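**Q** Here you go, sequence then predicted model.
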Amino acid sequence: MKKSLAVATVLVASVFGAPAAFAADEHNTAPGLTAAGAPLGLHGVDPVAFVKIGNRVEGRAEYTAIHDGVAYYFSTQANMREFKRNAAAYTPQNGGFCTYGVSVGKKFDGDPQFTDVRDGKIYVFLNEEIFNAYQADKAGTISKAETQWDKIQHTAAGDL
């Protein structure tokens, strides 16, 4: 009886824990889980607002949508609905990791304070210094990041 209970516990934990573990490798998320049961992406900033108005707007937990195992907060219900219609258009590039870091084969935190929306895509950066370095060669950095992302996407940050 104890053995079957232990096996059942492991199976349940693996089913419910797998999405969060998967998200941790491929998406930059805050530690812990939101009330929706998924880790928080983009530090709680509304990704639709970034793309539509080019401005950083804090999201609210009451407007939450989950995509690829990551919870995103939105400032309005309309933005949440827009995201649900076309999540791929609004999720940060490179899993929300620092674009410059990804361009050199690393996964660093992406801070929404340092963001560039280019061609309708969200690119986040570690800090002001890195963001300024990116400004010198935006196209080159993005191109390198796209190439590197294909190689490191499924690798845990600690293994890079």
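**A** Great, that's in hand. Residues are numbered from 1 along each chain as shown.
**Q** gap between the residue nearest to Asn28 when sequence neighbours are not counted and Phe108?
**A** Among residues not flanking Asn28 along the chain, Gly96 sits closest, at 3.8 Å (Cβ to Cβ, 6 or more residues apart in numbering). For glycine as for every other residue, the C-beta is placed from the backbone atoms N, C-alpha and C. Gly96 is 11 Å from Phe108, where distance means Cβ to Cβ, to the nearest Å.
**Q** ok, these two, which is more surrounded?
**A** Set side by side, Gly96 and Phe108 show more neighbours around Gly96, with 25 against 20, by other Cβ atoms under 10 Å.
**Q** Just confirm that one contacts Val124, I think it does.
**A** Yes. If you go by Cβ atoms under 8 Å, Gly96 and Val124 touch, sitting 6.1 Å apart.
**Q** Please work out how many residues are found near the nearest residue to Thr76 once chain neighbours are set aside.
**A** Spatial nearest neighbour of Thr76, excluding adjacent residues (Cβ to Cβ, 6+ apart): Tyr63 at 6.6 Å. If you count neighbours by other Cβ under 10 Å, Tyr63 ends up with 18.
**Q** mind listing what's buried in the helix or strand encompassing Tyr63?
**A** According to DSSP states H and E, Tyr63 maps onto strand 60-67. By neighbour count on 16 or more other Cβ atoms under 10 Å, the buried set for strand 60-67 is 63-67.
**Q** List the strands paired with that strand, with their directions.
**A** Strand pairing for strand 60-67, determined by DSSP bridges: strand 70-74 (antiparallel).
**Q** contact partners of the strand it pairs with?
**A** Contacts of strand 70-74 with the rest of the structure, by Cβ atoms under 8 Å, 6 or more residues apart in numbering, involve 23, 27, 29, 34, 36-42, 44-49, 58-61, 63-66, 80, 83, 90-91, 96.
**Q** same thing but at 6 Å, please
**A** Here strand 70-74 makes contact (Cβ atoms under 6 Å, 6 or more residues apart in numbering) with 23, 27, 29, 34, 36, 38, 40-41, 44, 46-47, 59-60, 63-65, 80.
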